[in-house]
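# Just a sequence and a predicted model for now, questions to come.
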There are 2 protein chains.
Amino acid sequence: MKPTIKDIANKAGVSIATVSYVINKTKPISAETKNRVQKTIKSLNYHPSKSARSLVTGKTGNIGFILTDDHFLRTEPFYTRIFLGTEFEARGEGYYILLTSIKPDFNEKDSLPRFILNKSVDGLLIAGKIPSILISRLSAYNIPTVFVDFIPPGNNYPLVLIDNIQGGLLATSHLINLGHRNIAYISGDIDHPSLSDRLSGYKQALENAKIPIRNNLIFTNTNYPDRQNGFYLAKKLFTNNKEVTSVFAGNDAQAIGVMHYLKDNGYKIPKDVSVIGFDDIEADLMLDPPLTTIRVPKVELGVEALRLIVNLLKNKKSIHKKILIPVDLIIRNSTSAYKPR
Amino acid sequence: MKPTIKDIANKAGVSIATVSYVINKTKPISAETKNRVQKTIKSLNYHPSKSARSLVTGKTGNIGFILTDDHFLRTEPFYTRIFLGTEFEARGEGYYILLTSIKPDFNEKDSLPRFILNKSVDGLLIAGKIPSILISRLSAYNIPTVFVDFIPPGNNYPLVLIDNIQGGLLATSHLINLGHRNIAYISGDIDHPSLSDRLSGYKQALENAKIPIRNNLIFTNTNYPDRQNGFYLAKKLFTNNKEVTSVFAGNDAQAIGVMHYLKDNGYKIPKDVSVIGFDDIEADLMLDPPLTTIRVPKVELGVEALRLIVNLLKNKKSIHKKILIPVDLIIRNSTSAYKPR
DNA sequence: AAATTTTAGTTAAACGTTTAACCATATTTA
DNA sequence: TAAATATGGTTAAACGTTTAACTAAAATTT
């Protein structure tokens, strides 16, 4: 039978309280007995019962992870990686992650994730854009919550975000350093904070380098930021601006679209036009040429989110913290030094 | 404060035992009191404490889900979908899924998933190919286990599998029905039961149609079954066999490689050569022409797996069951009727 | 040396359920 | 009509922890 704390206490010749204190380091115990107890625990392969523990402490030891179906099922395993980061970190902290997905069109009538209703989680991680109706319905439950890669309306929650501005800066500066001056920014979904922040980084880099910002080199719309939109925006860009020598696309998918357009129209990459993306998706390495981009450390995003929520749970204080995860420039072959044509 | 069973009992004017019996339907209670209790539960928004329940029943209400990192992070969300199926079904059954991934090279020294060590799961779902060392180490714990999309060595576990033979049969018959006679099968990783089963289906279809099986139309190796290998095998196939009019590839990735080869070499698809794949991955629809393939109902795989494990847990009997999930033929534009060249 | 504090431990209650054993009362059977 | 059996409920123990309150012995302070 599974050993209980009682078995340990008996075998070690102490009370069960002492065993508990040893396990939880919650009271000073003499080195001698501590050792004896620990040996006994090892020898019987004892693991405390989680349910007994939760029952008395009122803590479940679980953290809920919510994201929308479509985010979870995306071809590019972005949120999957974030989840992996949280799961990994949770192992060390002794928490379990309860993952559930909701419909992207979650509404009034849909029932909340059952771990909310059951009170089976101590805290909540919410990844990616989710319907605000969910957020408002959730708020009634007063569960400590951390948002990952999404700024909820009202913005009074702790957050873990990608440093998109820094990324935009990094990407654009890379092109500037290569000697480019006619640098375009293209992106759809420009209402999304991530994409508009990247644009801010772009502008900042130009300012830093004292290169005038030219609005005719900035092509944005609110379309879904995929390859197709990249292609579409590249077309608009290049039919009006022959002089452009480099393009910073709001994300890799659109960068691929841009490359597609350029190839179709006889431009050589990077000889004629340099292209840089953002995200570092898996497809990048398959491209010809491989795409220079900004790497987003997804696993780390998850790790940080878990640390933050655990911190929140331990210190009870509703730290109103905002963690920005730095990104890296990954130089591959789609960018090269400017050469006059 | 969170209401307890006691609050319900008090408010409804019965004992806590009665409340418990009503909730669990484990003893006959008069319609009248039953109603009163249920009303009270609703009105106080009462949910039984999971930990208290586990403590006394010895059941955790959790099911572990194990897969390797690389499977979880695959670009094609195959296992992610399976997981979603289990999670979805688990909601209905009142179980929680604890997902954890292990390294593909899991070995003696790696520690087992902590939900095993902690005994925090009642049952186990294992998806995809995993190291046999894990299986043997797991067996010591005697946890009811169901394997999904993988036949463990020894094969004495309940399984939920894709009906690959039927799929192979379906794919090949489709080509036969279109009038093709020179039908090739190509695939890497031929040691993998899924891929070899598909080959069996292929052969069976030919036999059924009384078309001789010709080994020079079957090109297999043990390479990783990706696009590149599809391209490679197509090259070998077509340099030796000009008369081939249709190709059944062991999976969609390789089918894409085949299409790539054909296009590069001036074959028109499907006019000159019909191509059919297997899996129905997301990329298929993006192709030109869209790929005819065999759809694998991934979510359903997960649903069935969960049902099976729950059954196992309820009936205690180690049902040695093997569930085959049927697949569907999805006809798109990469296959067409045979026309003599 | 007496009084106080510290240290290292024990005792026992509490957490919120399930469930075996029990007990009335009403119903059926002999 | 008395005895046996259903019916619908109650009581209380048990599950395995944590932790407040307590105690005895040792160390420190006065």
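Okay, I see it. Predicted, not measured: the structure shown is a model, and the values here were computed from it. Residues are numbered from 1 along each chain as shown, chains lettered A, B, ... in the order given.
# what comes into contact with the helix or strand A:Phe219 falls within?
Assessed by DSSP states H and E, A:Phe219 sits inside strand A:218-220. Outside strand A:218-220, the residues that touch it by Cβ atoms under 8 Å, 6 or more residues apart in numbering or on different chains are A:184-188, A:190, A:195, A:199, A:202, A:233, A:236-237, A:250. No exception for glycine: its C-beta is placed from N, CA and C like everyone else's.
# if you set the cut-off to 7 Å instead, what comes out?
Defining contact as Cβ atoms under 7 Å, 6 or more residues apart in numbering or on different chains, one finds that strand A:218-220 is touched by A:184-187, A:190, A:233, A:236-237.
# Just after that strand, pick out the following helix or strand.
helix A:227-240.
# Show me what that following helix is packed against.
Packing partners of helix A:227-240 (3 or more Cβ pairs under 7 Å, 6 or more residues apart in numbering or on different chains; DSSP states H and E): strand A:183-187, strand A:218-220, helix A:252-264.
# rerun at 8 Å
strand A:183-187, strand A:218-220, strand A:246-249, helix A:252-264 (3 or more Cβ pairs under 8 Å, 6 or more residues apart in numbering or on different chains; DSSP states H and E).
# Give me the residues contacting that helix.
Residues beyond helix A:227-240 that count as contacts (Cβ under 8 Å, 6+ apart) turn out to be A:184, A:186-188, A:216-217, A:219-221, A:223, A:244, A:247, A:249, A:253-258, A:260-262, A:265, A:267.
# Mind giving me the ChimeraX command for buried ones among the contacts of strand A:218-220?
Buried subset of the contacts of strand A:218-220, written as a ChimeraX selection, criterion 16 or more other Cβ atoms under 10 Å in any protein chain shown:
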select /A:184,185,186,187,190,233,237
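# Closest one to chain B out of the contacts of strand A:218-220, please.
For these, the closest approach to chain B (Cβ to the nearest Cβ) belongs to A:Leu233, at 19.3 Å.
# Give me the nearest residue to A:Asp307, chain neighbours excluded.
Let me fix one detail, which is that residue A:307 is Arg and not Asp. Closest residue in space to A:Arg307, ignoring its immediate chain neighbours: A:Glu89 at 6.3 Å, by Cβ to Cβ, 6 or more residues apart in numbering or on different chains.
# the longest helix in chain A is where?
Counting by DSSP state H, the longest helix found in chain A is helix A:298-315.
# Using PDB, list the CA coordinates for the helix or strand following that helix.
Of the helices and strands lying after helix A:298-315 in sequence (DSSP H and E), the nearest is strand A:322-325. Output of strand A:322-325 as PDB, limited to C-alpha atoms (Å, rounded to 0.1, in the frame of the first residue of the first chain):
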ATOM      1  CA  LYS A 322       4.700  43.900 -16.700                       C
ATOM      2  CA  ILE A 323       7.500  41.800 -17.900                       C
ATOM      3  CA  LEU A 324       9.000  42.400 -21.300                       C
ATOM      4  CA  ILE A 325      10.800  39.500 -22.800                       C
END
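# and strand A:322-325, which strands flank it?
strand A:159-162 (parallel) (DSSP bridges).
# and for the strand it pairs with, what are the contacting residues?
Taking Cβ under 8 Å, 6+ apart as the rule, strand A:159-162 contacts A:146-151, A:194, A:296, A:301, A:304-305, A:308, A:321-325, A:327.
# So for it, mean pLDDT?
Here strand A:159-162 scores 96 as its mean pLDDT.
# helices and strands around the longest helix of chain A, which ones?
Packed against helix A:298-315, as judged by 3+ Cβ pairs under 8 Å, 6+ apart, are the following elements: strand A:62-68, helix A:78-93, strand A:123-127, strand A:145-148, strand A:159-162, strand A:322-325.
# is any part of stretch A:121-140 close to chain B?
No. Stretch A:121-140 stays clear of chain B (Cβ under 8 Å from any Cβ of the partner chain), getting no nearer than 9.9 Å.
# Just give me how far that stretch sits from the chain centre.
How far stretch A:121-140 lies from its chain's middle: 16 Å, per Cα atoms, centre = their mean, to the nearest Å.
# which parts of it are buried?
By neighbour count on 16+ other Cβ under 10 Å, the buried set for stretch A:121-140 is A:121-131, A:134-135, A:137-138.
# what do you get for stretch A:68-78?
Within stretch A:68-78, the residues scored as buried using 16+ other Cβ under 10 Å are A:68, A:71-78.
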